Structure formats: structure tokens, C-alpha cells
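Novice: prediction below, plus the sequence it came from.
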Amino acid sequence: MSLQHRSLFFLLHLFTLLVSISSFNPNPRFPCQPPYFSSYEFCNTSLSVTDRAQSLISLLTLQEKIQQLANNASGIPRLGIPPYQWWSESLHGIATNGPGVSFTGIVKAATSFPQVLVTAASFNRTLWFKIASAIGIEAKAMYNVGQAGLTFWAPNINIFRDPRWGRGQETPGEDPMVVSAYAIEFVKGFQGGSWRGSGEFSDRFGGKRALRGDASDDERGDRLMNSACCKHFIAYDLEKWKNFSRYSFNAVVTKQDMEDTYEPPFRSCIEQGKASCLMCSYTAVNGVPACARKDLLEKARNEWGFKGYITSDCDAVATVQEYQNYTRKPEDAVAAVLKAGMDINCGSYLLRHTQTTIEEGKLQEKDIDRALLNLFSVQLRLGLFDGDPRNGQFGELGPQEICTSAHKMLALEAARQGIVLLKNKKKFLPLNKNAVSSLAIIGPMANNVSNIGGGYSGVPCDPKSFFDGLQGYAKLASSASGCTDVPCDSDAGFREAILTAKKADFVIVIAGLDLSQETEDHDRVSLLLPGKQMALVSSVAAASKRQIVLVLTGGGPLDVSFAEGDPNIASILWVGYPGEAGGQALAEVIFGDFNPGGRLPMTWYPESFTKVAMNDMNMRANPFHGYPGRTYRFYTGNRVYGFGQGLSYTDFTYKFLYAPRKLSLLGSFTGTSSNNVLDQRQGLDYIHIDEVKSCISLRFYVLISVTNVGDMDGSHVVMLFSRAPKIFEGTPEKQLIAFDRVHTNSYGSTEASILVDPCNHLSIVDEHGKRILPIGDHVLSVGDLEHMVSIETY
């Protein structure tokens with residue numbers, strides 16, 4: 001967008017924020033307030049959501065309709081409808097990024113959970129759901145006192161495709177199956193999935209409470225506590241790299257990659273998560289801006305069953321004309337996005353240009369009515385037109401539900417489970433807390449809590465630095481930054497850091513990234529530690545009495561090959577952005593109060609990967625062009641650490657207790673293709689998934705025994721992969737089909753039962769974007785253990 005428009009948008013955003021702060025009201029205004037405004041048909045809770053929404057639309061003038069098409073929707077005083085701010089953020093706790101949230105009222109803070117990538121490293125669906133439920137409760141509680149809206153723009157479910165991406169930290173990682181699973185759990189939990197039709201709410205620890213309200217069972221099934229938004233649709237994972245900017249970037253994506261990488265998280269978020277919002281991105285996809293991709297927006301509604309509203313990313317409609325140059329005039333951009341199926345614009349572009357678009361005949365009022373039906377329907381499902389929210393189903397939620405001991409304990413547990421142990425030579429960790437008389441904590445992040453949550457954070461309840469957490473485990477603890485900040489442009493502080501380390505019995509160096517290195521609108525150019533951090537780590541390691549522990553912060557993968565090979569560095573831990581309880585969680589792991597079990601949700605590439613063009617969206621390797629591919633499914637190069645890598649203080653072994661050896665497709669396909677379903681051209685053998693009569697009938701269970709063969713209790717992530725026959729170039733090296741986090745006692749065993757759906761888990765995607773099931777030997781693997789399942793047609 002032009003500098004003028006970007007400045008205007010910033011000023012409007014600032015004005016909105018100031019207005020929201022100055023107008024804080026513990027008893028917020030609401031529509032349908034008696035006695036003057038409660039008799040409208042749209043206030044009648046006995047009518048359907050659609051009938052109520054259409055009734056409201058019929059009462060509005062064209063100008064009133066247009067004023068609803070921005071995130072800061074205007075009030076309609078004559079109908080008793082106050083203004084509404086659609087933009088609030090809740091990525092890993094209630095955040096300050098959106099103008100819909102204020103921390104200046106009675107609520108001064110909210111629970112800050114670990115950044116999404118860290119939470120994803122737990123590979124624990126139950127934990128994901130509990131976190132989302134807790135965030136949802138705090139969001140509703142803040143709404144009830146006028147400090148938040150009910151529509152939140154999270155989760156970020158783009159694939160962490162390139163290690164340099166500044167927003168990879170916000171995502172659940174690189175694997176579409178994991179990202180999909182996270183999306184489902186977050187949306188269900190945040191939107192009130194714990195709310196029972198009986199009128200009870202099941203809290204995150206299994207407790208129940210009665211909720212007020214007299215909605216029918218049918219209405220309850222459609223109601224929302226809050227609205228979650230799947231973003232950014234689609235193929236968005238570049239901020240600013242060389243001459244490429246997210247505002248003008250055209251993502252060229254093959255049908256194959258679209259089907260098996262970019263679309264699955266959004267499809268799952270909608271089909272299984274039942275998300276009520278979808279955000280279209282700045283990116284153009286194959287030449288057409290995402291917000292103008294009618295085919296993709298209609299696919300979400302018509303094929304995936306999306307039931308909600310579609311918002312643009314902030315000022316993404318302006319970029320259609322000003323950056324993408326897709327249209328000649330603003331009015332053409334407005335017409336393109338509204339006719340494509342977008343409903344609301346974050347920003348002022350539609351407010352400024354919709355009237356003239358209609359006057360020029362490029363848009364009709366019915367196009368606006370279509371958008372308003374989606375917008376008002378979501379507001380109605382949220383109960384915004386049901387009268388006083390304090391009398392609604394969630395009306396009792398208030399400040400007492402925020403920063404509770406249960407939520408803070410959940411944040412601590414999430415940080416514990418997300419920490420990944422990457423190196424532990426000769427079982428250096430855990431440290432014996434009774435044997436540590438003095439401890440030195442070195443590094444620019446050691447005693448700094450400002451960025452401990454990562455991007456899209458709020459005001460944490462009770463943040464503790466890494467030093468705060470660790471000093472309680474030593475008789476004497478000292479710290480030195482070594483570098484004045486994370487960019488570490490100077491070694492002036494090295495001498496103090498080295499002297500501090502020399503005096504201590506044990507040394508922990510905390511290095512890595514913060515938001516100065518990776519964030520929205522800022523990608524990295526290197527995978528190495530920033531500035532002189534590598535020299536700081538090596539110098540301290542060489543000077544210390546004993547081997548040191550290296551702790552890595554940040555979301556993006558780091559090439560720490562030097563540390564992996566340094567004999568003076570005994571252990572390496574990745575903590576990412578662990579949230580407000582990260583300091584305590586790290587201390588518990590280092591001193592053995594918690595046995596680490598996290599796994600990396602992304603591949604850690606060597607620095608040489610930076611030679612790969614970040615704008616190349618292809619997932620699959622192309623050896624003829626020296627292209628190594630991306631993510632563990634397709635990458636063919638060297639790794640620093642692999643996807644799913646993570647150690648424990650104990651050891652685990654696996655055994656397949658049950659899995660079939662053969663799977664017959666006889667009678668399971670329709671035989672409608674020209675080659676009798678089996679396509680044997682060019683020596684390929686496969687069956688098209690859409691020609692399978694019943695995928696359910698092909699499902700089978702795999703039963704795996706997990707044995708803890710060490711002397712420490714601990715949880716362990718079981719990851720089941722499949723490897724399909726390589727029937728064509730671009731077949732995945734392997735793909736994750738299931739995961740579960742199980743707890744085992746020392747020298748004890750537990751069992752994991754996994755349902756395998758061959759149509760989904762054993763299928764692959766061909767170059768035409770069609771899902772096929774290869775005939776032949778499929779390998780199931782867990783750890784180093786493999787089991788062959790032969791799929792046959794007889």
C-alpha cells in the first residue's frame with residue numbers, strides 16, 4: 001500500500017486504540033437493551049440465526065451497511081446497536097496486538113502461555129485443548145468487563161516452510177498433520193468446545209460448572225463462547241526477503257503441494273475444528289490475490305462446510321490494488337474481494353471505496369447483504385444480540401477467572417512439556433541440586449523477560465526470567481549478559497561473562513533469538529546465532545571449570561553445529577519462547593524435577609540452506625536444479641537436528657504388539673476408471689482415493705508397547721510414520737500419521753493404540769493434486785522399529 005495509506009491506517013489504528021482505552025466500561029453497552037431496543041425481530045431468541053440476521057439487514061440503510069465492513073464496525077444508534085471491534089488477538093494468551101483488547105481496566109494481565117511452536121513441541125493434543133479453553137475463558141471474562149471483543153484472530157496455521165520465516169514461531173511447525181491437529185484442538189477449546197449441551201462447562205481439569213441460559217439444544221450446538229479465526233489463507237510464509245515482500249509476493253504453488261501441504265490445516269480447522277472465521281492473506285496465489293481467490297474461498301464454504309465470516313488481513317484489500325497491481329482502481333479491488341466471498345476488511349479501504357464501487361455499477365447491494373449475513377450470523381451465535389451478556393450462558397465469567405492458579409500451572413506445564421533436550425553427553429543433565437554450590441547464568445536473555453513470550457503476547461500475570469527460575473536451585477547464583485542485547489554486535493561484555501563463569505561450579509549459557517531477529521514483517525537472513533553470540537558461547541565454554549549447558553531461545557531453527565561438536569558443551573536445550581513460566585520450567589528440567597520429553601516440530605537446517613531461494617514455494621526436491629526440498633517429508637540435505645528429535649533423561653524401547661501384514665482392496669473400489677481403477681501406466685500401481693467405496697472399512701489399529709528402560713519416570717512422544725512405495729518422483733521420504741504423548745514409570749510399560757486410516761494416512765498426492773493409495777509395501781515405523789503392511793488388490 002502507499003506510504004500515505006499505510007500512515008492513515010496506522011493513525012486510524014492508534015485512534016481506535018486510544019478510544020477503546022479511554023472508553024473502558026466495566027458494564028459495556030449491548031444491543032437489544034430493554035426497554036427501547038429489545039422488541040426488534042433480530043432480538044427474538046426464539047427465531048433462527050439466519051432469520052434474525054436477515055431481519056437486521058433489512059432495517060439498514062446502504063451507508064449503515066457499508067459502515068459494518070471494517071474491523072471497527074460503526075454503531076447504529078437508532079437501533080440501539082453499539083460499535084463493535086472485530087480485531088482481537090489470542091495466539092497464546094490474550095494479546096495486545098489488536099485494538100479490541102485493553103489492559104487498562106480492572107483486568108491488568110492475562111495468562112501468557114508458551115509461544116505456539118513450543119506448545120506444539122509437546123505433541124500433546126489434550127494440553128493444546130486445555131490451553132485454548134483457558135485462553136477462551138479469559139477472553140470471555142475480559143469481554144464481560146468491556147476489555148475485549150469476542151472475535152479473535154488466531155490460530156496461525158500456516159506451514160513453517162522456511163527456517164528463516166519471522167513468524168514461524170507462531171505456528172505449530174512444518175508438518176501438515178501436526179498443524180491440522182493443533183488447529184482442531186485450539187479452535188474447539190477456544191470457541192467453547194468444553195461447553196456441554198446440558199448447560200455445563202467442563203473446565204480444563206475435568207471440573208464442571210452450571211451455566212445460565214435457556215437456548216434450545218439445536219441452538220446450543222451452533223453457539224459460540226468466542227470466535228476463532230484460521231489464518232492466513234493460504235500459502236503465506238514470507239515477510240520480507242531480498243526484494244520480496246509479503247504485500248506483493250506471488251506464491252506459485254503446484255496442485256500437488258496445495259493438496260498435501262498448504263490446504264490440509266485449513267481444511268481440518270474448518271471441517272473438524274468448526275472455525276467461525278477465516279482470514280485471507282496478503283499473498284497472491286498463482287497470480288491472484290488470496291482475498292480475491294473466489295475458487296479457494298468457495299472451496300472453504302462449499303466443499304469444507306465453512307460456516308462463518310471471512311476477513312482480510314489488515315489492509316490486504318488495499319494491497320490488491322496498490323502492491324499486487326491486480327486491479328487498476330480501488331473500486332475494482334473492492335468488487336473483486338467482495339464478489340470472491342470476503343466479508344470484512346481489516347482497515348478502512350472498504351469504508352472509503354465501497355460507495356463509489358456501487359455507483360460505478362461494479363457491485364450491488366446484494367453483494368454487501370451476503371457479507372453482512374455472514375458477519376451478523378457469527379455475532380448472533382456469540383450471543384451479542386441476546387441482551388445483557390451478564391445474563392447469558394457465560395455471564396458469570398469475570399476477572400476472577402483470569403490469572404488463576406490453575407491457568408498459571410497450565411502455563412508452567414506447557415513450558416515443561418515443550419522444552420526439547422537436543423544433546424546430553426554422558427548424561428550430564430540433570431544436575432544434582434544438592435551438589436550445585438554456585439551457578440552462573442550467562443547471556444543477553446538470562447535476566448530479561450521482555451520477549452520471553454514471543455510475538456503476539458499480552459501482559460503476563462507473573463513473568464519470571466530464566467535467572468529467576470534457576471537461582472532458587474543454587475546456594476549462590478550470578479549472571480552476566482556477555483552481550484548487551486541479542487544482536488550482540490560487540491564483545492565488550494565478554495570479559496565480565498568469562499570471569500563470572502570461571503567463579504562458578506556450573507555454567508548455563510542462554511543464547512539464541514528474540515523478536516529483534518524474527519517477527520512479523522521481518523525474516524532472518526542467517527541461521528547462525530546472531531552477531532558475536534557464537535564466540536560468546538565458545539569462549540565461556542572454554543573458560544568454565546566444567547562442561548556447560550547451552551540453552552537456545554527463539555522460534556526459528558539455528559545452525560549450532562559448532563555447539564553440537566564442542567566437547568566443552570555437554571548439553572543443549574531448546575526452550576523457544578516459553579511464556580511467563582519459562583524460567584521455572586527450565587530450572588525444573590535442568591535440575592531433574594521434570595524429565596524433558598518435547599520433540600522438535602520443525603527441521604533444523606545448516607547455514608548452507610540460506611542459499612535456497614525463500615520465494616520458491618516448492619516442497620519437493622529437484623536434484624537437477626540443486627533444490628533440496630523442504631521439511632522432513634521432502635528435504636534431502638544434511639540436518640543439524642531433525643523433525644521429531646528430542647531426548648529424555650531415560651530411555652524407551654518399542655514393540656509392535658499388533659499391526660496387520662496385509663490389507664486387501666478386493667471389493668473396496670468402484671472400478672469406474674478407464675483402467676479399472678488400477679493405473680499401471682509407466683509401471684505405476686495405485687488406486688484413486690475418490691474411487692474407494694468405503695475408506696472406513698479399510699481402517700485398522702496399530703498397538704504399540706512403550707517401555708521405559710531407565711531409572712526415571714517420564715512422558716514420551718510416540719510418533720508413528722509411514723513410508724509409501726516410491727511410485728513417482730516427489731513421493732514423501734516419510735510422513736507422520738499419528739502421535740501420542742504417554743507417561744511411563746521407570747522400568748514400566750504402557751500401550752499406545754493408533755487408528756490408521758489408509759485413505760488418509762497411507763495415501764500420497766500425485767502431480768495433478770489427486771490423492772492416491774499406492775499398491776505394494778508400506779512401511780510403518782516408530783523410532784528404529786519398522787513394520788511392513790502390504791496393500792494388495794486381491
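Specialist: That came in fine, so what should we check first? Numbering: from 1, shown residues only.

Novice: ends of stretch 633-641, how far apart?
Specialist: 14 Å (Cα to Cα, to the nearest Å).

Novice: neighbouring contacts of stretch 70-81?
Specialist: If you take Cβ atoms under 8 Å, 6 or more residues apart in numbering as the criterion, stretch 70-81 is touched by 12, 16, 31-33, 36-37, 40, 56, 59-60, 64, 67-68, 82-87, 99, 311, 314, 344-348, 350-351. Bear in mind the C-beta positions are built from the backbone N, C-alpha and C, glycine included.

Novice: change it to 6 Å
Specialist: With contact meaning Cβ atoms under 6 Å, 6 or more residues apart in numbering, stretch 70-81 is reached by 16, 31, 33, 37, 64, 67, 82-87, 345-346, 348, 351.

Novice: next, the buried residues of that stretch.
Specialist: Using 16 or more other Cβ atoms under 10 Å as the test for burial, stretch 70-81 gives Ala70, Asn71, Asn72, Ala73, Ser74, Ile76, Leu79, Gly80, Ile81.

Novice: and if you look at stretch 732-752?
Specialist: 732-742, 744, 750, 752.

Novice: what's the closest of the buried residues of stretch 70-81 to Lys770?
Specialist: Asn71 (38.4 Å; Cβ to Cβ).

Novice: which pLDDT value does the model give that closest one?
Specialist: pLDDT recorded at Asn71 is 98.

Novice: before we move on, what about Asn27?
Specialist: pLDDT, Asn27: 70.

Novice: how much space separates it from Gly100?
Specialist: 18 Å (Cβ to Cβ, to the nearest Å).

Novice: quick one: which of those two has more around it?
Specialist: Neighbour totals were compared for Asn27 and Gly100, and Gly100 leads with 27 against 11 (other Cβ atoms under 10 Å).

Novice: which SSE is the more buried one in?
Specialist: Gly100 is part of no helix or strand, with elements assigned from DSSP states H and E.

Novice: number of residues surrounding Asn622?
Specialist: Residues near Asn622, counting by other Cβ under 10 Å, number 14.

Novice: which residues of the stretch 651-794 of the chain fall in strands?
Specialist: Here the stretch 651-794 of the chain has its strands, by DSSP state E, counting those that start in this stretch, at 652-658, 662-664, 686-688, 700-708, 714-723, 735-744, 749-756, 764-765, 771-774, 776-782, 785-792.

Novice: could these go into a markdown table alongside distance to Ser405?
Specialist: Output for the strands of the stretch 651-794 of the chain, formatted as a markdown table (distance: least, Cβ to Cβ, whole Å):
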| stretch | distance to Ser405 |
| --- | --- |
| strand 652-658 | 32 |
| strand 662-664 | 50 |
| strand 686-688 | 54 |
| strand 700-708 | 30 |
| strand 714-723 | 22 |
| strand 735-744 | 23 |
| strand 749-756 | 29 |
| strand 764-765 | 47 |
| strand 771-774 | 47 |
| strand 776-782 | 37 |
| strand 785-792 | 41 |
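
Novice: quick one on the thing from earlier: filter the contacts of stretch 70-81 to the buried ones?
Specialist: The neighbour-count criterion (16+ other Cβ under 10 Å) marks 16, 31, 37, 64, 67, 83-87, 345-346, 348, 351 among those as buried.

Novice: how about low-confidence regions in the stretch 601-750 of the chain?
Specialist: Residue ranges of the stretch 601-750 of the chain with pLDDT under 70: 667-684.

Novice: actually, the stretch 151-300 of the chain.
Specialist: 194-221.

Novice: mind listing the helices for it?
Specialist: Assigned by DSSP state H, counting those that start in this stretch, the stretch 151-300 of the chain shows helices spanning 176-190, 217-222, 255-257, 264-271, 294-298.

Novice: nearest to Thr126, out of those?
Specialist: In terms of Cβ to Cβ, the element of the helices of the stretch 151-300 of the chain nearest to Thr126 is helix 176-190, at 8.2 Å.

Novice: who's in contact with Ser715?
Specialist: Counted by Cβ under 6 Å, 6+ apart, Ser715 has contacts Gly597, Arg741, His743.

Novice: which one of those is nearest Asp369?
Specialist: Arg741 (47.5 Å).

Novice: can you tell me the closest non-neighbouring residue to that closest one?
Specialist: Asn124 (4.3 Å; Cβ to Cβ, 6 or more residues apart in numbering).

Novice: got it, and Pro28?
Specialist: Gly146 (3.8 Å).

Novice: try Asp616
Specialist: Nearest residue to Asp616, sequence neighbours excluded (Cβ to Cβ, 6+ apart): Tyr627, at 6.9 Å.

Novice: and that neighbour, backbone torsions?
Specialist: Note on Tyr627: backbone dihedrals following degrees, to the nearest 10 are phi -100, psi 120.

Novice: could you count how many residues lie near the closest residue in space to Cys230 that isn't next to it in sequence?
Specialist: Counting by Cβ to Cβ, 6+ apart, Cys269 is the residue found nearest to Cys230 once chain neighbours are left out, at 4.0 Å. Using other Cβ under 10 Å, the number of residues around Cys269 comes to 30.

Novice: ok, Cys269 - contacts?
Specialist: Ile157, Ala183, Val187, Cys230, Ala275.

Novice: centre-most residue in this structure?
Specialist: Geometric centre of the chain, nearest residue: Thr171, 3.5 Å, by Cα atoms, centre = their mean.

Novice: wait, that one touches Phe160, no?
Specialist: Yes - with contact defined as Cβ atoms under 6 Å, Thr171 counts as touching Phe160 (5.0 Å).

Novice: spell out the residue ranges of the strands in the stretch 501-650 of the chain.
Specialist: Along the stretch 501-650 of the chain, the stretches classed as strands by DSSP E, counting those that start in this stretch are 506-512, 548-553, 569-576.

Novice: so which of those gets nearest Trp165?
Specialist: Trp165 lies closest to strand 569-576 among those, at 14.5 Å (Cβ to Cβ).

Novice: what strands line up against the closest one, and which way round?
Specialist: strand 420-424 (antiparallel), strand 548-553 (parallel) (DSSP bridges).

Novice: ok, which of the ones you listed comes nearest Asn250?
Specialist: strand 548-553 (33.5 Å).

Novice: mean confidence (pLDDT) on the closest one, please.
Specialist: The pLDDT scores in strand 548-553 average 98.

Novice: gap between it and the chain center?
Specialist: In this view, strand 548-553 has its centroid 25 Å away from the chain centroid, taken as Cα atoms, centre = their mean, to the nearest Å.

Novice: ok and it relative to strand 506-512, angle-wise?
Specialist: Orientation of strand 548-553 against strand 506-512 (axes from the mean of the first three to the mean of the last three Cα atoms, to 10 degrees) gives an angle of 30 degrees.

Novice: which residues are contacting strand 548-553?
Specialist: So strand 548-553 is contacted by 445, 507-510, 512, 541, 563, 569, 571-575 (Cβ under 6 Å, 6+ apart).

Novice: brilliant, that's me finished.
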